[in-house]
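K.L.:
Only the shape, not the letters, is given here:
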């Protein structure tokens, strides 16, 4: 009965997806899309599987969403994969995640979508706490794609918004010290732009639009500085269940908004 119902509804979803795509295709899309990939573990628990299986499903979904972003012409995408707080999870889960990071970094380095579309992959966040094996795999992928001229894909690993701002201020202070400036001189001339150019995303536009899955209505520290004027969309579905129609609905919502930038 369930299979029959699915076979009947599938054409309806296909038609609805085509209609949505036609609606949003001619409209503005974000220059920089942020994605908080939430719900992998809950998805796995609902299926009676280990948390790591949920993350594996989440990885496959990330590749799908990357294709959708390429199709829509989005130039910069930042996905939050692993936070600084995630190191506090059970050691066996963290170990499995580290193995997953190595495997997927090696896979992405050879992925035809990354190569054909000239996607430049960057990792943002603190690298302390990651093994040499993980760091080597990440650095190889960054090096292989560093000259690509297509989409910029930021993968936030070991990322925390507060930590990013702290690191930016530290770099700013060290730069001032190297230039021989006093703290008084630095404080008197300090601007928001000074801090922004020391963030992990320096040189890239701030995110226009941020999507979070799983029904949670919070940022949890994602791109705290950069998201001051971002538009937000909170999808009820868990990340592995995020469908193209959910993605297109989110873009339709974005296109219906008037961005005021605090004015």
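P.N.:
Cool, the structure landed. Values in this document were obtained by computation on a predicted structure and should not be read as measured data.
K.L.:
from here on, contacts and neighbour counts on C-alpha atoms
P.N.:
OK.
K.L.:
Give me the helix or strand of the protein that scores worst on average pLDDT.
P.N.:
Of all helical and strand segments in the chain, the minimum by mean pLDDT, DSSP states H and E falls on helix 2-25, at a mean of 75.
K.L.:
what secondary structure does the residue nearest the centre of the chain sit in?
P.N.:
Nearest to the mean C-alpha position of the chain, counting by C-alpha atoms, centre = their mean, stands residue 79 at 1.0 Å. Secondary structure, DSSP: H, G, I helix; E, B strand; the rest coil: residue 79 is strand.
K.L.:
Spit out the contact partners of residue 127.
P.N.:
135, 157, 158 (C-alpha atoms under 8 Å, 6 or more residues apart in numbering).
K.L.:
Of those residues - the most surrounded one?
P.N.:
Counting neighbours by other C-alpha atoms under 10 Å, residue 158 comes out on top of the contacts of residue 127 with 22 neighbours.
K.L.:
moving C-terminal of the one helix or strand it maps to, what's the next helix or strand?
P.N.:
Assessed by DSSP states H and E, residue 158 sits inside strand 152-159. Heading C-terminal from strand 152-159, the first helix or strand you meet, by DSSP H and E, is helix 161-178.
K.L.:
Give me the contacts around that next one.
P.N.:
125, 182, 186, 194-196, 198-200, 221-225.
K.L.:
any idea how far residue 141 is from residue 260?
P.N.:
38 Å (C-alpha to C-alpha, to the nearest Å).
K.L.:
More neighbours: the two, which one.
P.N.:
residue 141 (22 against 7).
K.L.:
For stretch 194-207, what is the distance to the chain centroid?
P.N.:
When C-alpha coordinates are averaged (C-alpha atoms, centre = their mean, to the nearest Å), stretch 194-207 and its chain have centres 15 Å apart.
K.L.:
neighbouring contacts of it?
P.N.:
30-34, 76, 124-125, 164-165, 167-169, 171-172, 225-227, 230.
K.L.:
In it, which of the residues would be classed as buried?
P.N.:
In terms of neighbour count (16 or more other C-alpha atoms under 10 Å), stretch 194-207 has its buried residues at 195, 196, 198, 199, 200, 201, 206, 207.
K.L.:
what about the fourth one, which SS state?
P.N.:
By that I understand residue 199. Classified using three-state DSSP, residue 199 is coil.
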